[in-house]
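>>> Sequence and predicted model, in that order:
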Amino acid sequence: NTKHIAAMKGAGRGRAKAKQHKGESRGFRDAEEIERENAKKSESESSSGSEEGSSGEDSDSGEEGAQESKPKGISGLIETNNANRSAKKSAIKASDLNLATAKPELSRREREALEKEKKRADYMKAHEQGRTPEARADLARLQKIRAEREAAAKRQEEEQKAKTAAKDAARLKSRGRGASSLLADK
């Protein structure tokens with residue numbers, strides 16, 4: 001029963017191992033053991049690194065990670081397009097990039113905004129030169145307004161001349177009557 005209860009304690013909590021309790025021994029390793037494992041890893045990496053290094057020296061194109069392992073079983077006979085098994089892409093070095101010649105790629109919205117601004121500037125330039133239909137209509141309207149204003153100015157000028165002529169005639173008449181009345185009195 002106690003074994004069954006101990007096994008049930010860890011169950012249902014999503015833990016793969018049983019929970020450690022007070023007083024139980026913990027799995028610590030000695031420093032010597034860790035050093036031995038590290039030495040084994042470094043030896044295996046250096047031996048596999050020397051094999052890859054000899055093939056990497058022959059090709060300067062940067063295809064160090066392009067070597068594929070031997071396929072196991074039937075997988076060598078069937079070609080599959082598994083996205084998860086894609087070959088590692090070679091990294092681009094910063095020295096290979098030409099930052100001065102490369103143009104920054106704009107997003108679609110930025111590109112459309114620039115095109116819209118350019119079209120607007122071109123339209124305004126054409127409008128100033130009078131090549132757009134709106135500009136032609138504006139110029140025709142301005143010519144009509146100028147003609148109307150000139151006609152109104154001429155009318156006012158003629159009216160002023162007529163008024164001054166009428167005033168002068170009225171003065172002369174009044175002077176003339178005054179002079180004739182003076183002569184008649186004498």
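Looks like it arrived, so ask away.

>>> average pLDDT for stretch 156-173?
On average, the pLDDT along stretch 156-173 is 92.

>>> Buried ones in that stretch, by neighbour count?
By neighbour count on 16 or more other C-beta atoms under 10 Å, the buried set for stretch 156-173 is empty. (C-beta placed from N, C-alpha, C; glycine too.)

>>> Low-confidence bits of the chain, can you list those?
The model of the chain has pLDDT under 70 over residues 1-21, 23-26, 49-71, 75-76, 80, 82-83, 85-91, 94, 96-103, 177-186.

>>> and the longest helix that the chain contains, what does it pack onto?
For the chain, the helix that runs over the most residues, judged by DSSP state H, is helix 133-185. Where contact means 3 or more C-beta pairs under 8 Å, 6 or more residues apart in numbering; DSSP states H and E, helix 133-185 is packed against helix 108-129.

>>> which residues sit against the helix it packs on?
Helix 108-129 has contacts (C-beta atoms under 8 Å, 6 or more residues apart in numbering) with 106, 132, 134-135.

>>> again, only this time at 10 Å
Defining contact as C-beta atoms under 10 Å, 6 or more residues apart in numbering, one finds that helix 108-129 is touched by 104-107, 131-136, 138.

>>> Reformat those as a markdown table; add neighbour count.
Formatted as a markdown table, the contacts of helix 108-129 follow (neighbours: other C-beta atoms under 10 Å):
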| residue | neighbour count |
| --- | --- |
| P104 | 6 |
| E105 | 7 |
| L106 | 11 |
| S107 | 8 |
| R131 | 11 |
| T132 | 15 |
| P133 | 8 |
| E134 | 11 |
| A135 | 15 |
| R136 | 12 |
| D138 | 13 |
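
>>> Show me which of those residues is closest to I145.
Of all these, I145 sits closest to D138, with 10.5 Å by C-beta to C-beta.

>>> List of residues touching stretch 136-143?
Under C-beta under 10 Å, 6+ apart, the answer for stretch 136-143 is 127, 130, 132.

>>> hey, C-alpha coordinates of stretch 147-155 in CSV?
Presented in CSV, the C-alpha positions along stretch 147-155 are these (Å, rounded to 0.1, in the frame of the first residue of the first chain):
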residue,chain,number,x,y,z
ALA,A,147,-12.7,92.4,-67.8
GLU,A,148,-15.7,93.0,-65.5
ARG,A,149,-13.6,95.1,-63.2
GLU,A,150,-12.2,97.2,-66.1
ALA,A,151,-15.7,97.8,-67.4
ALA,A,152,-16.9,98.8,-63.9
ALA,A,153,-13.9,101.2,-63.5
LYS,A,154,-14.6,102.8,-66.9
ARG,A,155,-18.3,103.3,-65.9
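
>>> Noted, bye for now.
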